[in-house]
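A.B. asks: Predicted coordinates and the sequence they were generated for:
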Amino acid sequence: MSEGFTIWLTGPSGAGKTTLARALKERFKEMGYKVEILDGDEIRNTLYPNLGFSKEAREMHNKVVIYMAKLLSRNGVIAIVSLISPYKSVREYARKEIERFIEVYVYAPLEIRIKRDPKGLYAKALKGEIKGLTGYDGVYEEPENPEVKVDSSKMSVDEEVELIIKKAKELNYL
Ligand SMILES: Nc1ncnc2c1ncn2[C@@H]1O[C@H](COP(=O)(O)OS(=O)(=O)O)[C@@H](OP(=O)(O)O)[C@H]1O
Ligand SMILES: Nc1ncnc2c1ncn2[C@@H]1O[C@H](COP(=O)(O)OP(=O)(O)O)[C@@H](O)[C@H]1O
């Protein structure tokens, strides 16, 4: 594959982005494609662990990820982005910058995210120990027209993967 593409997984904490990104990576590797995960949390911890979660900080950080995904996907790699990316304007910018682009809204209802709470953040937010948790008391602007929406409270990870692969085939990316 001379040109890759970007799968942009957006959604609040606990919606299932990381889990889906890993399953997609395995599936694409089995199919023989070059693939990289760009994980928001990992990039933050590696490059700027003290950045924080203000609107300006998130916008800057999201633009770094857009730049990385653009370079990878135009060089034959499938870039899987796992990033809360709460702002519509930034996701629209990503769509403009990255030619071959699949936006996936990874959705799960708040009560399910609170039950999962993989990093204990909702427990802290409920106790008032942190403020501005995306999708709880912090803004998350829902995608209006994503290429794919998955509801991880109703679908299995395998079903999510298949839906995304179907869309990539429809768009002639695979
Ligand atoms: N206030 C607040 N709001 C949202 N998320 C928070 C916050 N504080 C810490 N975290 C943890 O930060 C993880 C990385 O977020 P991202 O880089 O994907 O977010 S963003 O696009 O910059 O909004 C994000 O990872 P995921 O849980 O994998 O989504 C959270 O665990
Ligand atoms: N269909 C599904 N898709 C994704 N995650 C799921 C699904 N069903 C259950 N889960 C669980 O939900 C949690 C989601 O956490 P994670 O993938 O870290 O979310 P995020 O990266 O969006 O914060 C994991 O514990 C995962 O095992």
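C.D. replies: That came through fine. Residues are numbered from 1 along each chain as shown. Ligands and ions are numbered 1, 2, ... in the order given.

A.B. asks: Let me see the contact set for A94.
C.D. replies: 6, 8, 62, 66, 69, 85, 101, 103 (CB atoms under 8 Å, 6 or more residues apart in numbering). The C-beta positions use only the backbone N, C-alpha and C, and glycine is treated the same way.

A.B. asks: Can you read off the pLDDT for it?
C.D. replies: We have a pLDDT of 98 for A94.

A.B. asks: Could you do the one 3 residues further on as well?
C.D. replies: The per-residue pLDDT reported for E97 equals 98.

A.B. asks: could you give me the average pLDDT of the longest helix along the chain?
C.D. replies: When the chain is parsed with DSSP state H, its longest helix is helix 55-73. Helix 55-73 carries an average pLDDT of 98.

A.B. asks: How far off centre is it?
C.D. replies: Relative to its chain's centre, helix 55-73 lies at 12 Å (CA atoms, centre = their mean, to the nearest Å).

A.B. asks: low-confidence ranges in this structure?
C.D. replies: Scanning the chain for pLDDT under 70 picks out no residues.

A.B. asks: Number of residues surrounding the residue in it positioned nearest to ligand 1?
C.D. replies: Closest to ligand 1 within the chain is G40: 2.6 Å, counting by CB to the nearest ligand atom. For G40, the count of nearby residues is 21 (other CB atoms under 10 Å).

A.B. asks: Just to check, V106 is in contact with G14?
C.D. replies: No. Taking contacts as CB atoms under 8 Å, V106 lies outside contact range of G14: 9.9 Å.

A.B. asks: same for the longest helix of the chain, what does it pack against?
C.D. replies: For helix 55-73, the packing partners by 3 or more CB pairs under 8 Å, 6 or more residues apart in numbering; DSSP states H and E come out as strand 5-10, strand 34-39, helix 40-47, strand 77-82, helix 88-97.

A.B. asks: Between helix 55-73 and the third one, find me the angle.
C.D. replies: So that's helix 40-47. With axes from the mean of the first three to the mean of the last three CA atoms, to 10 degrees defining the directions, helix 40-47 sits at 100 degrees from helix 55-73.

A.B. asks: what angle separates helix 40-47 from strand 34-39?
C.D. replies: Using the same axes, to 10 degrees: helix 40-47 against strand 34-39 is 80 degrees.

A.B. asks: Convert the C-alpha atoms of helix 40-47 to PDB, please.
C.D. replies: Taking C-alpha atoms only, helix 40-47 is exported to PDB below (Å, rounded to 0.1, in the frame of the first residue of the first chain):
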ATOM      1  CA  GLY A  40      -3.200  10.700  23.300                       C
ATOM      2  CA  ASP A  41      -2.200   9.600  26.800                       C
ATOM      3  CA  GLU A  42       1.100   8.000  25.600                       C
ATOM      4  CA  ILE A  43       2.100  11.000  23.500                       C
ATOM      5  CA  ARG A  44       1.300  13.400  26.400                       C
ATOM      6  CA  ASN A  45       3.400  11.300  28.900                       C
ATOM      7  CA  THR A  46       6.300  11.100  26.400                       C
ATOM      8  CA  LEU A  47       6.500  14.600  25.100                       C
END
